[in-house]
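J.: Attaching a predicted model along with its sequence, questions to come.
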Amino acid sequence: MRLAKDYYKILGIDKSATDDEIKKAYRKLAKKYHPDVNPGDKESEKKFKEINEAYQILSDPKKRAQYDQFGDAAFNQGGFDQGGFGGFGGFGQGGFDFGGFSDIFGDIFGDVFGGGTRRNMGPERGEDIRVEVTLTFEEAAFGTEKEIEVVRYEDCDKCNGTGAKSGTKPEICPECHGTGEVKITQNTPFGRIVNIRTCPRCHGKGKIISTPCPECHGTGKVRRARKIKVHIPAGIDDGQMVSLRGEGEPGVRGGPKGDLYVVVRIKPHKIFKRDGFDVKLKMPISFTEAALGAEIEVPTLDGRAVYTIPPGTQTGTIFRLRNKGIPHINGRGRGDQYVEVYVEVPKRLSEKQKELLREFDKVSKSEGNNKSFFQRMKDAFGG
């Protein structure tokens with residue numbers, strides 16, 4: 001007695017499932033139970049066959065309507081139960097004709113069924129190279145030229161990059177006839193499957209070198225160190241890069257060279273700090289200069305500059321020197337320099353200096369110009 005098949009149950013969907021839900025369920029199960037994924041597993045082959053049978057019926061609106069009305073008995077005559085796929089629409093006598101399945105199998109298994117995406121055998125761009133260069137604070141600010149060493153592959157001079165010994169040349173691979181790929185056909189219970197793979201003889205190159213060049217051992221490339229001059233623009237910051245087009249690794253099969261990227265690292269400065277295009281500096285001044293005001297010499301990237309500080313300058317006061325910062329990298333203007341001053345208290349005083357300071361403190365208190373912190377607190381709270 002033959003048992004009826006529940007195609008909805010086989011695909012794990014409800015009877016109200018939409019076309020997209022049917023397709024999604026099929027894709028998931030087909031990928032799981034495909035024979036190539038489970039070689040030699042008879043249960044998986046059986047399950048895969050049932051999944052295909054169910055999808056063939058439910059994906060066709062007309063056949064699905066017949067199935068919903070009469071069950072799988074509507075397809076018994078010459079159908080799946082006759083020991084094969086013959087007589088059923090979409091499956092031929094000579095093998096598995098995927099028909100409407102091709103788009104799904106293409107998505108799931110790529111080129112396993114033939115006609116999929118082929119490996120790119122055309123020209124390929126060379127790899128990029130990254131190197132680092134260390135600059136002083138001033139070199140980064142005003143720009144410089146550096147000579148760097150780059151180690152990269154270059155065409156072998158002995159064979160001109162062919163890989164073959166002088167007087168010989170590479171030959172077309174007889175296995176793949178120069179394509180770099182071979183097709184392997186497999187007969188399965190579901191028909192003929194074509195796999196496209198890299199040629200094992202030439203390893204995808206399409207050519208064979210019988211007599212390799214003794215210099216490069218048949219690769220056509222040798223590793224060399226080159227000195228390259230790099231122009232570093234003014235205003236460049238730590239971590240930024242300068243790119244040199246075409247100075248990277250060579251391309252493959254006639255492809256263009258890669259690029260060289262020079263990453264800038266900047267040494268810390270003893271007194272300057274960078275903030276974008278501005279420069280910051282902390283500078284000590286004497287008690288007398290702070291109290292009376294003075295002309296002081298301020299170090300800048302351009303040398304020393306004279307700046308007048310006003311009387312009564314306090315620790316933490318910041319002064320701005322316009323256009324004394326880092327040049328903008330686009331060449332338009334410069335940043336500013338900010339000078340934060342702090343009053344330096346002398347650690348060693350002579351007796352005469354101490355006596356003068358005591359006298360100064362005494363006069364200040366008598367004139368009420370230098371109240372102590374506790375006196376100010378007392379005045380504030382009405383003590």
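T.: On my side now, so go ahead. Residues are numbered from 1 along each chain as shown.
J.: only C-alpha atoms for contact and neighbour calcs from this point on.
T.: Will do.
J.: Which residue, other than its chain neighbours, is closest to Asn323?
T.: Distances taken as Cα to Cα, 6 or more residues apart in numbering put Asp336 closest to Asn323, at 4.7 Å, once the chain neighbours are dropped.
J.: From Arg322, how far off is the one you found?
T.: From Asp336 across to Arg322, the span is 5 Å (Cα to Cα, to the nearest Å).
J.: what's the answer for Asp237, then?
T.: 20 Å.
J.: Compare those two (neighbour count), which wins?
T.: Neighbour count, other Cα atoms under 10 Å: between Asp237 and Arg322, Asp237 has more, with 22 against 12.
J.: quick one: Pro256 and Gly122 touch, right?
T.: No: contact criterion Cα atoms under 8 Å: Pro256 and Gly122 do not qualify, at 11.7 Å.
J.: low-confidence ranges in the stretch 251-383 of the chain?
T.: 367-383 (pLDDT under 70).
J.: tell me which strands and helices the strand or helix carrying Lys229 is in contact with?
T.: Assigned by DSSP states H and E, Lys229 belongs to strand 221-232. In terms of contacts (3 or more Cα pairs under 8 Å, 6 or more residues apart in numbering; DSSP states H and E), strand 221-232 is packed against strand 144-155.
J.: angle of the strand it packs on against strand 221-232?
T.: Counting by axes from the mean of the first three to the mean of the last three Cα atoms, to 10 degrees, strand 144-155 lies at 160 degrees to strand 221-232.
J.: Return the set of buried residues in strand 144-155.
T.: Across strand 144-155, burial judged by 16 or more other Cα atoms under 10 Å covers 150, 152-155.
J.: how about TSV for those, with pLDDT and distance to Pro310 added?
T.: Below are those laid out as TSV (pLDDT from 0 to 100; distance: Cα to Cα, whole Å):
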residue	pLDDT	distance to Pro310
Val150	94	54
Arg152	93	60
Tyr153	92	64
Glu154	90	65
Asp155	88	69
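J.: what's the closest of those residues to Arg223?
T.: Tyr153 (4.5 Å; Cα to Cα).
J.: what number of residues lie near the residue nearest to that closest one when sequence neighbours are not counted?
T.: Distances taken as Cα to Cα, 6+ apart place Arg223 nearest to Tyr153, at 4.5 Å, with adjacent residues excluded. For Arg223, the count of nearby residues is 12 (other Cα under 10 Å).
J.: from what I can see Arg223 touches Asp157, true?
T.: No: look at Arg223 against Asp157 with Cα under 8 Å: they stay out of range, at 11.6 Å.
J.: name the element Glu359 belongs to?
T.: helix 351-366.
J.: Next, name the residue at the spatial heart of the chain.
T.: For the chain, the residue sitting closest to the mean C-alpha position, by Cα atoms, centre = their mean, is Asp128 at 12.3 Å.
J.: ok, now which ones touch that residue?
T.: 248-249, 258-261 (Cα atoms under 8 Å, 6 or more residues apart in numbering).
J.: most neighbours, which of those?
T.: Gly248 (24 neighbours).
J.: Doesn't that residue lie inside a helix?
T.: No: counting by DSSP: H, G, I helix; E, B strand; the rest coil, Gly248 is not found in a helix; it is coil.
J.: Model confidence score at it, please.
T.: As predicted, Gly248 sits at a pLDDT of 94.
J.: Does it touch Arg152 like I think?
T.: Yes: using Cα under 8 Å, Gly248 is in contact with Arg152, at 7.2 Å.
J.: out of Pro256 and Gly122, which sits in the busier spot?
T.: Under the neighbour definition other Cα under 10 Å, Pro256 and Gly122 were set side by side, and Pro256 has more, 17 against 9.
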